[in-house]
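Student: sequence and computational prediction follow.
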Amino acid sequence: MTMPQQWTPRRPDPEELQRILEDFSEATGLATVAVDTQGVPVTRLCAFTEFCKAMRADPLRSRACHGCDAHGGLQALLEGTPQIYRCHAGLVDFSIPLTDGDAYVGAILCGQVRMPEDEMPAPLLAQSGWHDDPFLQELYDRVPVVSRRRVTAAAETLLGLHDLVDLALRAGTVRPQDEGAARLSVVPPSRATAASDARPPEAQQRNPTEFITAAVRREDLRAAFLEAGTFLDTVYAQGSPEAVLAGRDRLDEMILAAAAACSPRIVPHLRQLVERDRRRGGIDRFGAQLAAERFIGMVLDEFQRHRPRRRREIGDLLNDIARHPEQAISLSEAANSLHWSPGHLSKLFKSVTGCTFVSYVTARRVERAKLMLASTQMPVQRISSELEFSQVNYFSRVFRASTGMSPSEYRRHCRSREEGHTGAAVPGSDKGRLRA
């Protein structure tokens, strides 16, 4: 898709976007809405099914819908292409991300259909328990069944609408509460944003507490860890010990605030651990990341402890990998943890993440290696061992294939450009995006 090279910004016009979505819904029969980063609608609902209207009429279920929409939009941003997924209620949607300049500001959601069982995409989040409600079941049964090919064609059509792209570049942000005009654009498929780039610098202006809280509620550890990492990158870039200490204290308070919102019972214990960690004194960028991940993981554990019991699913596996990116877990081991066959997991994992299981796990290990190389003095051989690579030569080959540099070259590059704080970046070629 060719974007205009020059454009003239003007005041936001959400009504123009509304008209485009209404016309698209009229032509396709699919529901559409534009939402902000939290999944809250910023345009009127177009062609929503009676089932979805009834689900959103319930405050608790409506929050689940908002979380699903927010997560779907984020995954589309990570992939740089429309994402087709099954929502928490069991219907199929697709999402197209929207940006304000380089900052992610929301998404267009479209769909609310069913698919033949053999074409259904993997669930985006844990499925809601509404099937015991006869009224909702009746409304669900009325939702039309369409082919995956039709949904894919609709996604490509919506993304390719020249008028929408033109509107995006000219109209400004779709969020009606914002004041000034700004660039708003549909993220084209060629812009495959790396996972660590999902939170560009402009987006850091939003309080990370909101993002971490939303990620915990979606049971999405990787997104929460990336948010903490982005914040720490900014903190450690400031250089002075005082600024670093103050920044780490701010992140601790953000995590405690997220805990208060998601798992209030753990706050006293978590605060004790935070205070103990502060008394330990100096800590490098890598250690700060480990501490943040440990605290966020505890918040999620407490949050899940009070959720209805369910079987482990692929989202749990992705969270396990996020917790232990250094482990070279095999496909068979992962399949056993879910009580699935390796073949079934391999197929589903590819549909959820867009890459093979082995490449996803390897990318996470390389990602952790980059942080360790950039922010510690740990020898390359020890990093290789910590990340469970069988030989340091093999580690070097894998690292070079992902980054274009050897581990030693990468470390020198970070130091020469004084970018040791950016070691959390993921290779731009990595396609292991989180969608569950």
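Tutor: Thanks, I have the structure now.
Student: strands of the stretch 1-150 of the chain, residue ranges please.
Tutor: 31-36, 83-86, 92-100, 103-113 (DSSP state E, counting those that start in this stretch).
Student: same question, the stretch 151-300 of the chain
Tutor: Listed from the start of the chain, the stretch 151-300 of the chain has strands (DSSP E, counting those that start in this stretch) covering 184-186.
Student: tell me where it has helices.
Tutor: 162-171, 208-217, 221-237, 241-262, 267-279, 285-305 (DSSP state H, counting those that start in this stretch).
Student: using JSON lines, lay out the ones you listed together with mean pLDDT, distance to Asp36 and mean neighbour count.
Tutor: For glycine as for every other residue, the C-beta is placed from the backbone atoms N, C-alpha and C. Shown next, in JSON lines, are the helices of the stretch 151-300 of the chain (pLDDT from 0 to 100; distance: least, Cβ to Cβ, whole Å; neighbours: other Cβ atoms under 10 Å):
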{"stretch": "helix 162-171", "mean pLDDT": "41", "distance to Asp36": "15", "mean neighbour count": "18"}
{"stretch": "helix 208-217", "mean pLDDT": "88", "distance to Asp36": "11", "mean neighbour count": "24"}
{"stretch": "helix 221-237", "mean pLDDT": "89", "distance to Asp36": "16", "mean neighbour count": "23"}
{"stretch": "helix 241-262", "mean pLDDT": "91", "distance to Asp36": "18", "mean neighbour count": "18"}
{"stretch": "helix 267-279", "mean pLDDT": "90", "distance to Asp36": "28", "mean neighbour count": "14"}
{"stretch": "helix 285-305", "mean pLDDT": "93", "distance to Asp36": "23", "mean neighbour count": "19"}
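Student: isn't Ser95 right up against Ile108?
Tutor: Yes. Using Cβ atoms under 8 Å, Ser95 is in contact with Ile108, at 7.0 Å.
Student: which stretches of the protein have low pLDDT?
Tutor: Applying pLDDT under 70 to the chain flags residues 1-14, 100-103, 160-206, 281-282, 308-310, 417-436.
Student: on that earlier part again, now the helices of the stretch 151-300 of the chain in TSV, with distance to His88?
Tutor: Shown next, in TSV, are these (distance: least, Cβ to Cβ, whole Å):
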stretch	distance to His88
helix 162-171	27
helix 208-217	12
helix 221-237	16
helix 241-262	17
helix 267-279	27
helix 285-305	15
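Student: closest to Gly67 out of these?
Tutor: Proximity to Gly67 (Cβ to Cβ) singles out helix 208-217 among those, at 5.9 Å.
Student: who touches that closest one?
Tutor: With Cβ atoms under 8 Å, 6 or more residues apart in numbering as the contact definition, helix 208-217 has outside contacts at 37-38, 67, 70, 199, 221, 223-224, 227-228, 230-231, 251, 254-255, 257-258, 261-263, 296, 299-300, 303.
Student: same question for stretch 388-408.
Tutor: By Cβ under 8 Å, 6+ apart, stretch 388-408 touches 326-328, 362-363, 365-366, 369-370, 373, 380-381, 383-385, 387, 410, 413, 427, 429-430.
Student: columns distance to Gln289 and mean neighbour count on top of the strands of the stretch 1-150 of the chain, output as a markdown table?
Tutor: Output for these, formatted as a markdown table (distance: least, Cβ to Cβ, whole Å; neighbours: other Cβ atoms under 10 Å):
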| stretch | distance to Gln289 | mean neighbour count |
| --- | --- | --- |
| strand 31-36 | 28 | 24 |
| strand 83-86 | 27 | 24 |
| strand 92-100 | 26 | 25 |
| strand 103-113 | 22 | 25 |
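Student: okay if I get those as TSV plus distance to Gly239?
Tutor: TSV is the format used below for the strands of the stretch 1-150 of the chain (distance: least, Cβ to Cβ, whole Å):
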stretch	distance to Gly239
strand 31-36	34
strand 83-86	38
strand 92-100	29
strand 103-113	25
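Student: nearest to Leu338, of the ones you listed?
Tutor: Of the strands of the stretch 1-150 of the chain, nearest to Leu338 by Cβ to Cβ is strand 83-86, at 17.5 Å.
Student: filter the contacts of stretch 388-408 to the buried ones?
Tutor: Buried residues within the contacts of stretch 388-408, counting neighbours by 16 or more other Cβ atoms under 10 Å: 326, 362-363, 365-366, 369-370, 373, 380, 383-385, 387, 410, 427, 430.
Student: circling back: for Leu124, find the nearest of the helices of the stretch 151-300 of the chain.
Tutor: helix 221-237 (12.5 Å).
Student: who are the packing partners of that closest one?
Tutor: If contacts are counted by 3 or more Cβ pairs under 8 Å, 6 or more residues apart in numbering; DSSP states H and E, helix 221-237 sits against helix 208-217, helix 241-262, helix 285-305, helix 314-323.
Student: so which elements touch the third one?
Tutor: If you count contacts as 3+ Cβ pairs under 8 Å, 6+ apart, helix 285-305 packs onto helix 208-217, helix 221-237, helix 241-262, helix 267-279, helix 314-323, helix 357-375.
Student: possible to save the helices and strands packed on helix 221-237 as TSV with distance to His269?
Tutor: As requested, the helices and strands packed on helix 221-237 are exported to TSV (distance: least, Cβ to Cβ, whole Å):
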stretch	distance to His269
helix 208-217	16
helix 241-262	10
helix 285-305	8
helix 314-323	19
